[in-house]
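Novice: Need a 3D model of the sequence below.
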Amino acid sequence: MPLYEVEHICPLTVSQQDELAAAITKIHTEKFTAPALFVNVRFTNISEQITYVGGKRRQTNRILAHVRHGPSRTQDDYADLCSKITKVWDATVPLPRHPFNATGKVDVELRAIFVLGDIVAGMEAGFVLPEAGKDVQWFKENMVAFKKKAEDGDDEFQDMVAEIERRGLIKNGS
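Specialist: Below is the predicted model of the structure:
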């Protein structure tokens, strides 16, 4: 449901990308009710792109978080999301940090996270996405189809059904 675009100027290893993607997915699913299957993370090396910050040419690491915004999600929710992602970045991408490439070294600091509440509609794996805050109802309405995909051998849906049950997102008898 969300799309996190990790735009980096510092080299990231495959294991760093794996760790960041897993952590961003965990943070998002714990903060909101989206299942892990629908959390998308994309990495793009932007070291060759020309960008400006404050009217000056700067190269920075940043994350654009495209999410479904709604009344159930507050500014504090988004601030907490950003804080947790920053902590994960700092733990995953090693020091030393060199601001703005001032020394000619590649900056590894995560300089910005922009949360963009710009997903108004979409479809993933054949399912129309619910509005923010209406995931549980969506799970209930689609659980038979989710289970059918799981029973037909779709390992992503097997994982998602197990996650929904493990997290208690649908109460028995609901």
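Novice: wait, Gln158 sits on Lys147?
Specialist: No: taking contacts as Cβ atoms under 8 Å, Gln158 lies outside contact range of Lys147: 9.3 Å. From N, CA and C alone the C-beta is placed, and that goes for glycine too.
Novice: could I get stretch 21-34 in PDB with only the CA atoms?
Specialist: Below are the C-alpha coordinates for stretch 21-34, written out as PDB (Å, rounded to 0.1, in the frame of the first residue of the first chain):
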ATOM      1  CA  ALA A  21      13.600  -2.800   3.500                       C
ATOM      2  CA  ALA A  22      12.800  -5.300   6.300                       C
ATOM      3  CA  ALA A  23      13.000  -2.600   9.000                       C
ATOM      4  CA  ILE A  24      10.900  -0.100   7.000                       C
ATOM      5  CA  THR A  25       8.300  -2.800   6.400                       C
ATOM      6  CA  LYS A  26       8.300  -3.700  10.100                       C
ATOM      7  CA  ILE A  27       8.000  -0.100  11.200                       C
ATOM      8  CA  HIS A  28       5.100   0.600   8.800                       C
ATOM      9  CA  THR A  29       3.200  -2.500   9.700                       C
ATOM     10  CA  GLU A  30       3.600  -1.900  13.400                       C
ATOM     11  CA  LYS A  31       2.500   1.800  13.100                       C
ATOM     12  CA  PHE A  32      -0.400   1.100  10.800                       C
ATOM     13  CA  THR A  33      -2.500  -2.000   9.900                       C
ATOM     14  CA  ALA A  34      -1.100  -2.600   6.400                       C
END
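Novice: tell me which residues in it are buried?
Specialist: Ala21, Ala23, Ile24, Thr25, Ile27, His28, Thr29, Phe32, Thr33, Ala34 (16 or more other Cβ atoms under 10 Å).
Novice: Widest-spaced pair of the residues you listed?
Specialist: Farthest pair in those (Cβ to Cβ) is Ala21 and Thr33. Separation: 19.5 Å.
Novice: picking that back up, and the buried residues of stretch 21-34, which is closest to Gly55?
Specialist: Ile24 (30.3 Å).
Novice: Understood, closing this out.
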